[in-house]
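Colleague: quick one, what's the 3D model for this:
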Amino acid sequence: MVTTIKVGPLTRIEGHLDIEVAVEPGAGVVSAKCSGTMFRGFERILKGRDPRDAPHYTQRICGVCPTAHGMTASMTLEAASGILPVDNGRILRNLILGANYLQSHVLHFYHLALLDYVDASALPLPPWKPQFVAPDMLTGSTAATLMNHYVQALTIRRLAHQMGAIFGGRMPTPPVFVPGGCTAVVTAAKTNDFRVLLREITSFIQGVLLPDMELLANSFPSYSKLGRGWGNLLSYGVFDQDAAGAAKLMKRGRWTNGAMASVDPTQISEYVSSSYYAATDGNRNPAQGTTTPQVDKAGAYSWVKAPRYQRTVHETGPLARMWVNGDYQNGISVIDRLRARVLEANKLAVAMDSWLSQLRVGQPSLRRSTTPRAAVGIGLSEAARGAVGHWLTIANGQIDRYQVVTPTAWNASPMDDEKKPGAIEKALLGTPVANVNQPIELLRVVHSFDPCLACSVHLIRPSGEVKRFVITA
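Modeller: Residues are numbered from 1 along each chain as shown. The predicted structure is shown next:
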């Protein structure tokens, strides 16, 4: 007998995601659907506005990874204007974005994923329940230690935000990202304050987070084999080491059908056969993309479009970055996603310390420019959870077209025109579910991607409907 499980909204992610799976005894999940349940509208909001508004408006797409949008929008305007950032501005961007990465990586492990593996229901401190509880969960003193680290991680995240605000002005949504660099001023005092906080955060990563990750991996070896999905990985690259972005801390590239290859943004298209958008929005490169909502569209089940590279599904995120960069190629699974993210946090923290030494007090952080009356631009970068791209067309000095393709659009996309499931949908297939009333296995797979629906779908009109966890035979 096939059992249908619906979880909506799936919690401990950013935004509203519904999942629906069919589970067959002995086979596990045999079909899966991911549904973004809000309308995406920032592309329409930006039309007709001053192009310089883009770094500020797009940061409001998401409160967890606004920094990546601000930087990517600035890069998009630079491409349109034909300028490059000055060195201080480039380094400051990397440091502010890096601060956001570190808080997001700590957030993901402890506050979004860990409760899938630890039975904290018997612990005295809130907010550990309600939660699904499974027999394989960690309990006792091990659970208590991990949850104490959960609490400690809240402080570390605060310090990361504080660190980013030293040069960013505030966190989240730092206002300093502009084409040509960064409006922050480099001083010796700010550099020192940043380094003090960075070293405390690095100590936590190396002394607490890395060991906790290995404890989790050793305790749940089966999840090193579950959640593979399609096995294709995509990274735009991030943390430019020179003004032109030719060298990056994390390289641009893709792993497709078992081989490494380059990334050509003209080969990206978005499909909408399963999305609540007009058919005319589909099968387009984002440079020509449109966003036309069609709420009653037959066959649609998500407000997320389906981006594809050469019609092939790709996963994005820390595992993709580390794999393409050659830093981690042990496997593609739930545990591999978690481990690659933690290892990236350490790699980045070490690099950030060296970048601080490259800042030059008294040197400009910004190259001023004039916004063109007509131009096109593309910005490709990476949020903590994966590849983010902005496509811009300027006409008569205003934004004529703006399209954003986010990490979760890649990962949580619905089926495309060829009925190929998205990355998360594919990763769920074959997942065993021991207890359909406590389907913790589903959460472990989905949370390993760290989906952010706030990035993929942006506006909602509440209807008063209450979503519930539903099982039907």
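
Colleague: the stretch 51-200 of the chain: strands as residue ranges?
Modeller: For the stretch 51-200 of the chain, strands defined by DSSP state E, counting those that start in this stretch occupy the ranges 177-178, 181-182.

Colleague: ok, the first one: who's next to it in the sheet?
Modeller: Think strand 177-178. Sheet pairing of strand 177-178 (DSSP bridges) gives strand 181-182 (antiparallel).

Colleague: want to throw the strands of the stretch 51-200 of the chain into JSON lines with distance to G140?
Modeller: Using the backbone N, CA and C atoms, a C-beta is placed for each residue, glycine as well. Listed next are the strands of the stretch 51-200 of the chain as JSON lines, based on distance: least, Cβ to Cβ, whole Å:
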{"stretch": "strand 177-178", "distance to G140": "46"}
{"stretch": "strand 181-182", "distance to G140": "48"}
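
Colleague: pipe the ones you listed into CSV and attach distance to V342 and mean neighbour count per row.
Modeller: CSV is the format used below for these (distance: least, Cβ to Cβ, whole Å; neighbours: other Cβ atoms under 10 Å):
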stretch, distance to V342, mean neighbour count
strand 177-178, 27, 28
strand 181-182, 28, 28
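
Colleague: and V376, which of those strands is closest to it?
Modeller: strand 177-178 (19.2 Å; Cβ to Cβ).

Colleague: that closest one - what's its average pLDDT?
Modeller: Per-residue pLDDT values over strand 177-178 give a mean of 96.

Colleague: residues contacting that strand, please?
Modeller: Under the criterion Cβ atoms under 8 Å, 6 or more residues apart in numbering, residues 52, 55, 59, 67, 70-71, 73-74, 93, 96, 366 lie in contact with strand 177-178.

Colleague: same check, this time on stretch 362-373
Modeller: Outside of stretch 362-373, the residues within contact range by Cβ under 8 Å, 6+ apart are 50-52, 77, 80-81, 83-89, 92, 178-186, 394-397.

Colleague: now, of these, which are buried?
Modeller: Taking 16 or more other Cβ atoms under 10 Å as the criterion, what is buried in those is 51, 77, 80-81, 83-89, 92, 178-184, 186, 394.

Colleague: mind listing what the residue most central in space within the chain touches?
Modeller: Nearest to the mean C-alpha position of the chain, by Cα atoms, centre = their mean, lies R385 at 2.4 Å. Applying Cβ under 8 Å, 6+ apart to R385 gives the contacts 65, 104, 108, 316-318, 407-408, 411, 449-452.

Colleague: please repeat the previous calculation with a cut-off of 6 Å.
Modeller: 317, 407, 450, 452 (Cβ atoms under 6 Å, 6 or more residues apart in numbering).

Colleague: of all these, which comes closest to L443?
Modeller: Nearest member of the contacts of R385 to L443, counting by Cβ to Cβ, is D450, at 12.3 Å.

Colleague: where does pLDDT dip in the chain?
Modeller: Low-confidence segments of the chain, defined by pLDDT under 70: 40, 125-129, 454-473.

Colleague: which parts of the longest helix along it are buried?
Modeller: The longest helix of the chain (DSSP state H) is helix 140-168. Residues 143-144, 146-147, 149-150, 153, 156-157, 159-168 are the ones in helix 140-168 that count as buried (16+ other Cβ under 10 Å).

Colleague: can you tell me how far S448 sits from I166?
Modeller: S448 is 32 Å from I166, where distance means Cβ to Cβ, to the nearest Å.

Colleague: do S365 as well
Modeller: Remark: distance between S365 and I166 (Cβ to Cβ) = 13 Å.

Colleague: next: T291.
Modeller: Taken as Cβ to Cβ, the span from T291 to I166 is 36 Å.

Colleague: would you list every one of the strands in the stretch 201-350 of the chain?
Modeller: Per DSSP E, counting those that start in this stretch, the stretch 201-350 of the chain carries strands over the ranges 233-235, 238-240, 248-250, 253-256, 259-261, 268-271, 306-309.

Colleague: so which of those strands is nearest A279?
Modeller: Of those, nearest to A279 by Cβ to Cβ is strand 268-271, at 10.1 Å.

Colleague: so which elements touch that closest one?
Modeller: Using 3 or more Cβ pairs under 6 Å, 6 or more residues apart in numbering; DSSP states H and E, the elements in contact with strand 268-271 are strand 306-309.

Colleague: which residues does the strand it packs on contact?
Modeller: Residues outside strand 306-309 that contact it (Cβ under 6 Å, 6+ apart): 267-271, 405, 409-410, 413-414, 416.

Colleague: at which residues are the helices of the stretch 101-250 of the chain located?
Modeller: 140-168, 188-204, 210-219 (DSSP state H, counting those that start in this stretch).

Colleague: could I get the ones you listed as a markdown table with distance to L443?
Modeller: Putting those into a markdown table (distance: least, Cβ to Cβ, whole Å) gives the following:
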| stretch | distance to L443 |
| --- | --- |
| helix 140-168 | 16 |
| helix 188-204 | 25 |
| helix 210-219 | 14 |
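
Colleague: of all those, which one comes closest to G379?
Modeller: helix 140-168 (18.5 Å).

Colleague: and the angle from the closest one to helix 210-219?
Modeller: Counting by axes from the mean of the first three to the mean of the last three Cα atoms, to 10 degrees, helix 140-168 lies at 140 degrees to helix 210-219.

Colleague: I'd like to know which elements helix 140-168 is packed against.
Modeller: helix 87-106, helix 188-204.

Colleague: nice, that's everything, thank you.
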